[in-house]
Each structure stands twice: as structure tokens, then as C-alpha cells.
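Novice: Only the shape, not the letters, is given here:
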């Protein structure tokens, strides 16, 4: 395996991804790309890896989290295997199945991990569900939809009381509730300790032996950005072979067991498949970070990273942005964080250039070296890893080359290349929704992911690919001019960083591009001392905030080359998008259409003449 080493970069052992390309169809317009190397053998199930490490390194810590008393709780591989077998037996005794699966409502914890592994060992599907559907939503519509689709037999919540209202909305007489502590009032509940006390029998070994690659391990729900969430089938094969794909690309994982400090939620594929799986497959230690990218949550993350030095670190762009701010002023955090880390990886959105630059600068100041930074590409339906760079890149957005075992098909769609994928890590479809499954696969069995890629170098496939947005998001102005949604959106967010978190672009069949701006209210409050503690509406309408955004819009307009990338007018939203109105997913992703539908009046204001006072109008000359 090549050691990636270049001046100024901390050496890291990365795999060598190389691809071959062919063309077919009329004029060679259909492009197929596959890795030159074959996929290495992979285990039947990740449960096999748990058994392996429990034997090979029984005393190594696998899972750690902060217990109710705030102190670290740690379980070794041997302990996790023993407890997993007990839970598997308890689930088998309850006659659960794929038709009556386990649903997990609460977030990441040791109990969550044990319940998941126990279900997998027993051959019983489980479904981790976003806590937001229980704790943030007021109508619980998505949670009701999920329960109707899955028909669960057992429901688990680590802390029961916060889920009381949600449980009242969805529990049925044939469902058993299990809680680790704090049972909700009015709900009969079994204690998690009762499952742990179950004595494993030969039935566990029989169930484990019956697992195959086609056995359904879990259901992961799509974020519901275009409607109600779909249950993506995740088989044991998908998860097991995907870890071999990851270790092929991130070859340093084979050199020594990874140490991870990670908050990414297990109800999403990045946290629950990619990151949890990396720790388990490679015999690593996963410290469950109880923080997140919020003003309160980042303080918990900082505390954890002051105590534990990761060897690789994952986060979303907003998480890296908030972490970089703390790294710049916290010596202990900086020294610990950069001491052993070999790779930084972001996912979920593009990493802003100023954040990228800050991380590189801080790493050099601390260690004398930059830390290699990459992104992975994939989705819930691809297990998730599909491609990455295994070489240093100096900018966000490069998604590299496909993993061994995957084949990409690129088909012209207007000015873009639509991506489709095929391989052993691709889902067989959506649970109990054959119509949705049929829609998402083409006649050759390729999964239609809905994204577009473009070549970094059209003359050399091995330079990799750039993410080129969603094929369905681009639109035409009334002049017939195409607007590249991803490009304009990314440019606007970057121009307004760190004050704008996301944007909704408008302009279909209109004469100019408009934008609804979603503030990062915490960053915006720093623009004026009087905004400390101010509510969202006050922040959005404050003259200092409007002036700063106006200045950024003008500067961006001065660089525009025409109507296809000129954001002519914008409105700063003064209320947070609603999960119940489907404007925002549990991941924080924005549903563009739902926001425009819910705020149709504001969209009209972007095109009204004369323009209302709350509309910001870009002025190219002002910037110059």
C-alpha cells in the first residue's frame, strides 16, 4: 500500500484506487467506470468480526460512552460479545422477526449498540429511528408512518420519559417497550437489564449460523426531504462488504486499530454503518461523543476530544467549523486532537474553504504538518461508501474514484452526467414499497442515485470526479438559461459564510435567481453586541445583519458572469424551517420545494415590482 507523503503533510497509509472506463451507446455517450482491482473477500456478517475480535483482543475496549453519572463507561470486545448473545436470546424468545422488527428510538449509546448487535446476531431486523421524529416533531406524523410501515414487535428507548408523548402516539398492544432507565408514565415497560440477564442458549448459535449475505440486518430511513421517509433495506452483505471497500481505500485502518470519537447519529448511514462499522470491522475503539454541532453540544465534543485522541475523525462541515473555532483558542484541545489523527473526513455537504484553510493552518501550527482531508461519497442506499480520494486534494468537493466491486454508469442528462451504481453494497430496495424500489433502478439493475458527477480531468479518469449536484434540482429561467443549482447554492453559502447556513434558490420560469437565506443565528448574533440572546426574528431584521448580508450579496454579484449565476434578490428568513411542515429533515437538510410551498408569499416578494423593503437587491457596482 502506498504511504501518501508530500512536503508539509503527515504521512498516511492510503490504498491505491485506480479505475478503467469504457463507452457505449450512440456516440459513446454512456460511460461505465469501475475499479481495476477486484473486491477483496469479505465476511458473511459484521457479527463475524465481533466474534473475531472478542477472541483476538478480548480485553480491548470496543464501546465507550458517558453514563448517567457523566463518567465514561467502557465495554471490551469480550464483554460486548457476551451481552450481545444475551440480547439475541431475549429477542429470539420474543418471536421477533423481519416482519416484527426492533425499533430503536433513542440516540447513540452503549445500550443502543448492544441492542443493534443482538438483533443482528439473532437474524432479526432492527430500525434506528431519528430521535427528532419523537422529540422535535409535534404531530409525530413521520414516526406514525414508520411504525405503520414496519409493524414493530419491540420498541427501545434508553431514557424512556422524554419519549412519552411519542410512545403514546404510536405504541400498540402487540408491541413491547424496553427502556434502560426512567420508564415513561402510563406505559408498561421492560427493563433493559432483564434482556442482559437472559442466558444465551444454542438457539443463538443456530440463528447466527443461519445468517447469510441476503439476511436483512437493518432498515435505515431516508431523510424524507421529498416526502415521507422510505425504509432502505440494509443486508448483512451490504454492510460487511462495504467495510472491506473502506479498508481498501483507508489502508491505515489495517495497520493498527482505530480510535474514534464520534457523534454522528446511528439512525443515519454515515454514523451507524460507516463509522460504527469501521470500529467493529477493524477492531477499533469507538468513544461515543454525546456532543453535536450546536453551541451547547460542541462544548461536550471539546471535552471528549480533550480526553481522547482520535486516529481518524469524521464530522459534518458545520461541526468542523465550530471545532476549528475552539481549536484556535484551546491549547489542550489542539494538542490532543492533532497528536495522533491521520485523516479528517467530512460528509453531508461541502466543506467551506475558510474552514478547510483553518484546519490546515491549525494542524501545521500544532504538529508542523497538514492532516490529509478527504470526503467520501455515497448514500443510505449504497451502505454508504461508494467512492473517495486516496490522494491529497486542496479543495472541497472532489469525491475521487469508485471502490472495488462497484461499477458506475454515467448517462447524459442535459449538461450533466447522471450517476447510477451497481454492486454488492447496493440496497435491494425499499421495505414494503415495491413501487419506490422499481422507480430507483434502471433496466440494467443500476441504482439511480439522482446525483451528477463530472470529471476532474475529462482526459484522465484516474484524476477522479467532482460532485455536480442533483440532476433534478437544476432549473431554467424565463430566458431559457439553465441554473446550476449546486454551483450557485454553494457559491452563495460560501460568499455569506459564516452567517448563512443554507439557502433556497428560486427562479423557475422567472427572469432572475432569488434566494431565501437561512441564517446561522449564533454566528449572526456576533455581528452586534445588542443581539446577544436576541430571538431569531430580531436577528434576521437587525440593520447590522442586513448590512453584512447585503455587502456579501453585492460582492458575489460583482463576480457573476450572467443571469445563470447572479443571485439578484434575497430575503433573510426570520423563522426556522419546520420539521412538521417537511421544510427540514432530521439531519437538518433543507427540502427546497417544501420551503417554497410553505413560504409562497416570500417567494412572490422576490419577484414583486416594486420590490418590498425586506428584499435585499444585489448591486454589482456597490461592491466595486
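Specialist: Alright, I've got the coordinates. Source: prediction; values computed, not measured. Numbers count the residues shown, from 1 in each chain.

Novice: how about low-confidence regions in the chain?
Specialist: Residue ranges of the chain with pLDDT under 70: 1-2, 4-6, 224-226, 623-624.

Novice: report the longest strand in it, please.
Specialist: Ranked by residue count under DSSP state E, the longest strand found in the chain is strand 447-455.

Novice: Pull the distance from that one to the chain's centre.
Specialist: Between the centre of strand 447-455 and the centre of its chain there are 17 Å (C-alpha atoms, centre = their mean, to the nearest Å).

Novice: before we move on, what about stretch 81-100?
Specialist: The answer for stretch 81-100 is 28 Å, by C-alpha atoms, centre = their mean.

Novice: Likewise for stretch 472-487?
Specialist: 26 Å.

Novice: and that stretch, how far apart are its ends?
Specialist: Stretch 472-487 stretches 14 Å from its first residue to its last (C-alpha to C-alpha, to the nearest Å).

Novice: Tell me the buried residues in it?
Specialist: For stretch 472-487, a neighbour-count test (16 or more other C-beta atoms under 10 Å) marks 473-475, 477, 483-486 as buried. For the C-beta atoms, the positions are set from N, CA and C on the backbone; glycine is no exception.

Novice: do stretch 64-81 as well
Specialist: 64-66, 75-81.

Novice: returning to what we had before: residues touching the longest strand of the chain, excluding its own?
Specialist: 379, 381-382, 399, 408, 410, 413, 416-422, 426-427, 439-442, 461, 463, 465-472 (C-beta atoms under 8 Å, 6 or more residues apart in numbering).

Novice: Derive a PyMOL selection command for the buried subset of the residues you listed.
Specialist: For the buried members of these, the matching PyMOL selection, counting by 16+ other C-beta under 10 Å, is:
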select buried, resi 379+381+382+399+408+410+416+417+418+419+420+421+422+426+427+440+441+461+463+465+466+467+468+469+470+471
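
Novice: which residues touch residue 278?
Specialist: 243, 246, 250, 253, 258, 260, 284, 312 are the contacts of residue 278 under C-beta under 8 Å, 6+ apart.

Novice: wait, which of these is closest to residue 521?
Specialist: residue 260 (30.3 Å; C-beta to C-beta).

Novice: still on that earlier bit, list the ones among the contacts of strand 447-455 that fall in helices.
Specialist: Counting by DSSP state H, the members of the contacts of strand 447-455 that fall within helices are residue 439.

Novice: Where do the strands of the stretch 1-150 of the chain begin and end?
Specialist: 3-4, 12-13, 19-24, 30-35, 61-66, 72-76, 102-104, 126-128 (DSSP state E, counting those that start in this stretch).

Novice: Ok, the stretch 501-624 of the chain next?
Specialist: Remark: strands assigned in the stretch 501-624 of the chain by DSSP E, counting those that start in this stretch are 513-519, 567-572, 616-617.

Novice: Out of those strands, which gets nearest to residue 597?
Specialist: Across the strands of the stretch 501-624 of the chain, residue 597 has its closest neighbour in strand 513-519 (11.9 Å, C-beta to C-beta).

Novice: got a list of what the nearest residue to residue 123 once chain neighbours are set aside touches?
Specialist: Leaving aside its chain neighbours, residue 123 sits nearest to residue 207 (4.8 Å; criterion: C-beta to C-beta, 6 or more residues apart in numbering). Counting by C-beta under 8 Å, 6+ apart, residue 207 makes contact with 88, 92, 121-123.

Novice: same thing with residue 29?
Specialist: So residue 29 contacts 23, 411-412 (C-beta under 8 Å, 6+ apart).

Novice: Residue 553 too?
Specialist: Per C-beta under 8 Å, 6+ apart, neighbours of residue 553: 495-496, 567, 570, 616, 618-619.

Novice: re the thing from before, could you say which helix or strand holds the residue nearest to residue 123?
Specialist: Taking DSSP states H and E as the criterion, residue 207 maps to helix 202-209.

Novice: rewinding a little: quick one: which of the contacts of residue 29 is most hemmed in?
Specialist: For the contacts of residue 29, the largest neighbour count, defined by other C-beta atoms under 10 Å, is 18 neighbours, found at residue 411.

Novice: Dig out what that residue forms beta bridges with.
Specialist: With DSSP bridges as the criterion, residue 411 is bridged to residue 418.

Novice: what about it, distance to residue 471?
Specialist: 9 Å (C-beta to C-beta, to the nearest Å).

Novice: what do those two both touch?
Specialist: Joint contacts of residue 411 and residue 471 (C-beta under 8 Å, 6+ apart) are residue 418.

Novice: So what touches the host helix or strand of residue 491?
Specialist: Here residue 491 sits within helix 485-495, counting by DSSP H and E. Outside helix 485-495, the residues that touch it by C-beta under 8 Å, 6+ apart are 350, 352-353, 467-470, 473-475, 500-503, 505, 513, 515, 552-553, 555-556, 564-565, 567.
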